[in-house]
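1. I need the structure of the sequence given here:
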Amino acid sequence: MDKKENSLNNGLSIRNFTLDDVDYVITGHHNMYEAEYGLNTGVWKSYVADAVNDFVNKYDDEKDCMVILDFNGTSSGSAAIKHIDDDTAQFRFFLIEPELRGLGAGHILFDKAIDFCREKGYKHVFLWTFSTLMAARHLYKTKGFNITETHENNEWGTEVLEEERWDMNL
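-> Residues are numbered from 1 along each chain as shown. Predicted coordinates for the structure are as follows:
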């Protein structure tokens, strides 16, 4: 991302993450998935924390990016791109706080991450999501992603989930 911060409106901006945002990304995901989908097991919480910490520990600013939605000085959303190889990236850690949904910020945050993929020359990007995340799934479809794989996941201590892999060629 060329600019350090992009102003949107109504106190919203998008900026590059700092190490101070790591706790927000982890707890934001814990809180949202517990409140909205009942995911609150230790296995789930460890999965999220380990994934975010692994991303940060292996972060390469030439190949990876994480952007934060900021609302009046408070972290209020996130999106990340993790390099898999020279041609492939994974979209991760997408979150918009409930009170900011429907304002278009999620589209802009998502676009920033995908624009990073294009700037870096990735040819393919994929993501994993759950079949119950209807708004996110709608966004992914409108942006050009398609479901390429599904499977049931009971690893996180709840009988929730049909996990879906979505892929897009750039």
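
2. ends of stretch 17-25, what's the gap?
-> In stretch 17-25, first residue to last residue: 10 Å (Cα to Cα, to the nearest Å).

3. what about the helices in the chain?
-> Here the chain has its helices, by DSSP state H, at 22-37, 42-57, 105-119, 134-142.

4. and the angle from the shortest one to helix 105-119?
-> What it means is helix 134-142. 40 degrees (axes from the mean of the first three to the mean of the last three Cα atoms, to 10 degrees).

5. ok, and what's touching helix 134-142?
-> Residues outside helix 134-142 that contact it (Cβ atoms under 8 Å, 6 or more residues apart in numbering) are 94, 101, 106-107, 110, 127, 129, 131, 164, 166. In this view, the C-beta of every residue, glycine as well, is placed from N, C-alpha and C.

6. now with 6 Å?
-> Contacts made with helix 134-142 from outside it, assessed by Cβ atoms under 6 Å, 6 or more residues apart in numbering, are listed as 129, 166.

7. columns mean pLDDT, mean neighbour count and distance to residue 83 on top of the helices of the chain, output as a markdown table?
-> Converted to a markdown table, these look like this (pLDDT from 0 to 100; neighbours: other Cβ atoms under 10 Å; distance: least, Cβ to Cβ, whole Å):
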| stretch | mean pLDDT | mean neighbour count | distance to residue 83 |
| --- | --- | --- | --- |
| helix 22-37 | 94 | 17 | 18 |
| helix 42-57 | 95 | 15 | 10 |
| helix 105-119 | 94 | 18 | 9 |
| helix 134-142 | 92 | 14 | 20 |
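
8. now those helices in CSV, with distance to residue 84?
-> As requested, the helices of the chain are exported to CSV (distance: least, Cβ to Cβ, whole Å):
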stretch, distance to residue 84
helix 22-37, 19
helix 42-57, 12
helix 105-119, 11
helix 134-142, 18
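
9. centre-most residue in the protein?
-> Nearest to the centroid of the C-alpha atoms of the chain, with distances taken as Cα atoms, centre = their mean, sits residue 94, at 2.2 Å.

10. what sits against it?
-> Applying Cβ under 6 Å, 6+ apart, the residues contacting residue 94 are residue 79.
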